[in-house]
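In: Let me see the structure of the following:
(chains A and B)
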2 protein chains.
Amino acid sequence: MGVGSSQSLPNSTFPCALAATFFPHQSQPIFSFNPSTIIFQRPCKRAMTERSLLWSSSSSFVPLNSGKVDQVETQMGSAVRPMYDFHGIDEALLQRMVYDALVWSSLHGLVVGDRTVKRAGTVPGVGMVHAPFALLPMPFPESHWQQACELTPIFNELVDRVSLDWKFLQEALSRTRKVDSFTSRLLDIHSKMQEMNKKEEIRLGLHRSDYMLDEQTKLLLQIELNTISSSFPGLSCLVTELHRSLLNHYGKHLGLDSKRILGNSAVTQFAEALAKAWKEYNNPRALVMFVVQTEERNMYDQHWLSTALKERHDVTTIRKTLAEIDAEGKLLPDGTLTVGGQPVAVIYFRAGYAPTDYPSESEWRARLLMEQSSAVKCPSISYHLAGTKKIQQELAKPNVLERFLENKDDIAKLRKCFAGLWSLDDSNIIKEAIQRPEVFVMKPQREGGGNNIYGDDVRETLLRLQKEGTEEDAAYILMQRIFPNVSPTFLMREGICYKDHAISELGIYGAYLRNKEKVIINDQCGHLMRTKVSSSNEGGVAAGFAVLDSIYLT
Amino acid sequence: MGVGSSQSLPNSTFPCALAATFFPHQSQPIFSFNPSTIIFQRPCKRAMTERSLLWSSSSSFVPLNSGKVDQVETQMGSAVRPMYDFHGIDEALLQRMVYDALVWSSLHGLVVGDRTVKRAGTVPGVGMVHAPFALLPMPFPESHWQQACELTPIFNELVDRVSLDWKFLQEALSRTRKVDSFTSRLLDIHSKMQEMNKKEEIRLGLHRSDYMLDEQTKLLLQIELNTISSSFPGLSCLVTELHRSLLNHYGKHLGLDSKRILGNSAVTQFAEALAKAWKEYNNPRALVMFVVQTEERNMYDQHWLSTALKERHDVTTIRKTLAEIDAEGKLLPDGTLTVGGQPVAVIYFRAGYAPTDYPSESEWRARLLMEQSSAVKCPSISYHLAGTKKIQQELAKPNVLERFLENKDDIAKLRKCFAGLWSLDDSNIIKEAIQRPEVFVMKPQREGGGNNIYGDDVRETLLRLQKEGTEEDAAYILMQRIFPNVSPTFLMREGICYKDHAISELGIYGAYLRNKEKVIINDQCGHLMRTKVSSSNEGGVAAGFAVLDSIYLT
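Out: Model (predicted):
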């Protein structure tokens, strides 16, 4: 079982003195770099009165509004002293930093497709806008970052072991499949592979384990482990470079040292893992195929990865949607997958993780075709299933990790980062969650984030499920709600700078590659820091948004 | 006098066999990378029947539609065999190159503001679109490029000498000032400086001399010499890198060698010149000020230059409009210009070259204030005037170059690149131009391009001026029309690839810096290749457009 299930809620009083120093007392925008462009929001009094609104929103933050890759967890945060002295930042200096940051992003490809431009999700080079980013890095304790790094190879290994246990996956997900047709389809493919006795001898995982640092307990707790479509290896590296550039120029004025920004090599390490998997496949004519959505505003993150693959390893990428793979894909007698006549060595999924990615049978045919082939799948159907929330919850049960791992230290390390996780067949927990819904999050098995249930909705949903008495409860897990630190932050979106309170989520990328004989890669591969705010609709801020950030080691 | 004034028009027959191999026979788009995005235009038959339309347009090509920086000359081109074998390019290969080129542009900052996005000209990072570019480099003879390079330091020196001759500038422009209020205002400032006996001891020129290669005579002929706001030092370097990247990957399939793409260091050399001028000014607290337009969609070209200044030389840039300089500028008793309280070492004009840049007296006050200061002006009012078309025409008169230069070889070299240039007080030339208007271009003194007069309009305008008998003729010069080579080209704009016939214009950047004692820099500084097409409004192509290109040495 995970730790911390009975942990009490931190006191939610907000340090007013701090807010008063951070937020000037005007009730209008503090200054505008250009009247129509950059506005600093949230004057003190409003921030205080809006607090309940600010932190009890039940929706996830969606920075780019394009599926799983952009979803981040909403967790309620407690307020503590920020680690920078923002109060000392001169407005003119801030204005220059904002301008320089926008310029840097534009010149260095820290961009996404603009949601307001029709072709921005299909044609590169049109309708670009800078990616949402925090103006400054987020302080994070070095010890906790190191802890997360140490966990990475253990999680990588765990996923691989779990993926080999057909029975465990099928049994753990047996109730879920009855109420979740998406998981059910994935399990069908999984069963077919089992029947075929299909072996994945070259196995590649490009994962990202997401954590929050619980303010009260100082525990690093895992939010989820992504085994498919771990996004932002490209753009996260760029934000690190952006922050280094800013601190190189302005660090002295801010009392910040650019050398304390944690380096990030996610994109080159992911590219290297893909290249090595390609090499293992051992067909020089074969390509790496990115499975992509029809519209993808986060395409530049993916392009950075394919560019690194080409420039550093001379490996060529093609991009195909599931529908295209169904139309153009062929399985040769030797198991080779060809798409448009081109043999595929490695299939890298940046789509296929959500039900919406399979609008027709065509997409499911494509998924099955790929799974049947000899191409290296990143991820295989087993890796995909091993990353589901239900499996995360099953692994948190007593004595389950021991089924897959031998090393007791490793098991203890993993367990330490597990938040409380329960299935809905635990009547004691249901009772507790109905009584104190504010300390739980209800998560649907379904991928894609943005569907989590918080606060009073937890109580209402649980009561409804109890009343109905169906098996719909199997579609959810319950998780301990984490309360991370809250920091005042500058968030940049669409050329506008917002001052707001924010919490952060740390993602650690991991790469795992093995062949029949040995493990080739089992590494930590850089990180993704996401800083997110929940805001009212007042003051020009939409429902809430998350931005890319970097780590300032403390 | 310039050469080639009586040169006959090349026969305008178009090699149909060539067109037939280049343009497939469909009358619809040849293929679409994505149906709504990339269309190859101009099937063979239409191209043939539209030929007169294609090459006799009287308007200049305006790629970005934002003033002088984007204007390029329209000259009528003759058709010769293209230097690449485009016929051999596989469509799938082309499609990949187009996609890769769009991705490369997005990731590497080869971008401009999108004309359809409101804030794209004022806020960096929003409303970006790739800059228009040619998919492949333009063949250009190495000997002619070398010739242009050799001319650069001579032109640099010439501008400096001419700028010191107050009397020459005032006299040469005396008739122009009567009919052109813009030149008149510049001359007023020039006169005031003369009265003040103002000396510019540190003189910085960042010029660009534009040429076309006349197909018939194989002569490299100067179109104009820009002494103010020479644009695209940033983006031109990026196009060179883009083409290298494409040929590194696809050169073998095309029979092209990336090593033959001419290197381009315009942005680093311009930055170095600005940094050295800043150093000469010798005030470590002072900044470089870019004088910019209120809206500037070509801002990223400028940002590349200020980024190079900061990163390579640790020199900080501020950006101010003329109106802001009027509002915030002060002249200290020692001649120091401060803007917003910050001392300015170097003033770099990327605005102020066109009448539209001076909508009120405020802007003229700013220009005068700057001119009175001790800051290094790039350009000074004298340098600005020395680059006007009227001065270009005056310098082409017999024995005028000898007034400024001693070296007979240098004089001969300059003269060799002069096209025929005449003022409208030459009755023989007026007569000839009325008879054969197709071999002349009529150019208004006014800067900004896009105002040139071609074809029958030349005759009509000359006849009108004769009839009216006013001094309006002093607002124009006549120039020999140049007929460069025509090549089938792939032009990329707004994510769409067009196949069309195009001509190219070569710009060679030059930097000149001197102080009281000595010349510090007198160099050629890279190049700008612009490829332009004139098209009908049919087939989705707007009136015509120009794209950035690079040089493939032949």
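
In: for chain B, what are the nearby residues on chain A?
Out: Residues of chain A lying close to chain B by CB under 8 Å from any CB of the partner chain are A:34, A:36-38, A:99, A:102-109, A:111, A:114, A:119, A:122-130, A:249, A:300, A:303-304, A:307, A:310, A:494-495. C-beta coordinates here come from the backbone N, C-alpha and C atoms, glycine included.

In: Please list only the buried members of the residues you listed.
Out: With neighbours counted using 16 or more other CB atoms under 10 Å in any protein chain shown, the residues of chain A next to chain B contain these buried positions: A:37-38, A:99, A:102-109, A:111, A:114, A:119, A:122-130, A:249, A:300, A:303-304, A:307, A:310, A:494-495.

In: Quick one: the helices in the stretch 301-450 of chain A, in order.
Out: Taking DSSP state H, counting those that start in this stretch as the criterion, the stretch 301-450 of chain A contains helices spanning A:322-328, A:361-372, A:381-386, A:389-395, A:408-417, A:427-435.

In: Determine which stretch of those is the most buried.
Out: Each of the helices of the stretch 301-450 of chain A was given a mean neighbour count from mean count of other CB atoms under 10 Å in any protein chain shown, and the largest, a mean of 26, is that of helix A:381-386.

In: what about the nearest residue to residue A:244 once chain neighbours are set aside, neighbour count?
Out: Closest residue in space to residue A:244, ignoring its immediate chain neighbours: residue A:258 at 4.9 Å, by CB to CB, 6 or more residues apart in numbering or on different chains. As a burial measure, residue A:258 scores 17 neighbours (other CB atoms under 10 Å in any protein chain shown).

In: could you redo the helices of the stretch 301-450 of chain A as CSV and give each row distance to residue A:225 and mean pLDDT?
Out: Compiled in CSV, the helices of the stretch 301-450 of chain A are given as follows (distance: least, CB to CB, whole Å; pLDDT from 0 to 100):
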stretch, distance to residue A:225, mean pLDDT
helix A:322-328, 23, 98
helix A:361-372, 21, 98
helix A:381-386, 8, 98
helix A:389-395, 6, 94
helix A:408-417, 10, 97
helix A:427-435, 22, 91
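
In: Residue A:197 - that's part of a helix, no?
Out: No. With DSSP: H, G, I helix; E, B strand; the rest coil as the criterion, residue A:197 is assigned coil and is not in a helix.

In: Could you tell me the backbone phi and psi angles at it?
Out: phi 50, psi 40 (degrees, to the nearest 10).

In: Just the pLDDT for it.
Out: As summarised for this prediction, residue A:197 has a pLDDT of 96.

In: Equivalent analysis for residue A:297, please.
Out: Predicted confidence (pLDDT) at residue A:297: the value is 97.

In: so it, which of the three states?
Out: Applying three-state DSSP to residue A:297 yields a three-state assignment of coil.

In: you'd agree it is up against residue A:117?
Out: No. Applying CB atoms under 8 Å, one finds residue A:297 not in contact with residue A:117, separated by 9.1 Å.

In: who's more crowded, those two?
Out: With neighbours defined as other CB under 10 Å, residue A:297 and residue A:117 compare such that residue A:297 has more, 26 against 19.

In: Longest strand in chain A, please.
Out: Ordering each strand of chain A by length in residues (DSSP state E) puts strand A:496-514 first.

In: List the pairing partners of it within its sheet, with orientation.
Out: Strand A:496-514 sits in its sheet next to strand A:203-214 (antiparallel), strand A:485-493 (antiparallel), strand A:519-534 (antiparallel), going by DSSP bridges.

In: Comparing the ones you listed, which comes out most buried?
Out: For the strands paired with strand A:496-514, ranked by mean neighbour count under the definition mean count of other CB under 10 Å, the leader is strand A:203-214 at a mean of 25.

In: returning to that earlier point: indicate which one of the strands paired with strand A:496-514 is closest to residue B:333.
Out: Taking CB to CB as the criterion, strand A:485-493 is the member of those that comes nearest to residue B:333, at 40.2 Å.

In: and the closest one, average pLDDT?
Out: According to the model, strand A:485-493 has a mean pLDDT of 91.

In: What's the end-to-end length of stretch A:186-202?
Out: For stretch A:186-202, the first-to-last residue distance is 20 Å (CA to CA, to the nearest Å).

In: buried residues in it?
Out: A:186, A:187, A:189, A:190, A:193, A:198, A:200, A:202.

In: Contacts only, for the first one.
Out: With contacts defined as CB atoms under 8 Å, 6 or more residues apart in numbering or on different chains, the neighbours of residue A:186 are A:381, A:384, A:385.

In: my guess is it is in a strand, correct?
Out: No. The secondary structure assignment for residue A:186 gives helix rather than a strand, going by three-state DSSP.

In: so where is the stretch 451-554 of chain A shaky, pLDDT-wise?
Out: Applying pLDDT under 70 to the predicted model, the residue ranges of the stretch 451-554 of chain A that meet it are A:534-544.

In: For chain B, what's its nearest residue on it.
Out: Nearest to chain B in the stretch 451-554 of chain A, going by CB to the nearest CB, is residue A:495, at a distance of 4.1 Å.

In: Can you give me the distance of that residue to residue A:508?
Out: Between residue A:495 and residue A:508 the distance, using CB to CB, to the nearest Å, works out to 31 Å.

In: Tell me how chain A divides into domains.
Out: Domains of chain A are assigned by automatic domain parsing as A:151-196+A:268-403, A:420-481.

In: TSV for those, including distance to residue A:512?
Out: Formatted as TSV, the domains of chain A follow (distance: least, CB to CB, whole Å):
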stretch	distance to residue A:512
domain A:151-196+A:268-403	4
domain A:420-481	20
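
In: Out of the ones you listed, which one sits most buried?
Out: Mean neighbours per residue, mean count of other CB under 10 Å, is largest over those for domain A:151-196+A:268-403, with a mean of 20.
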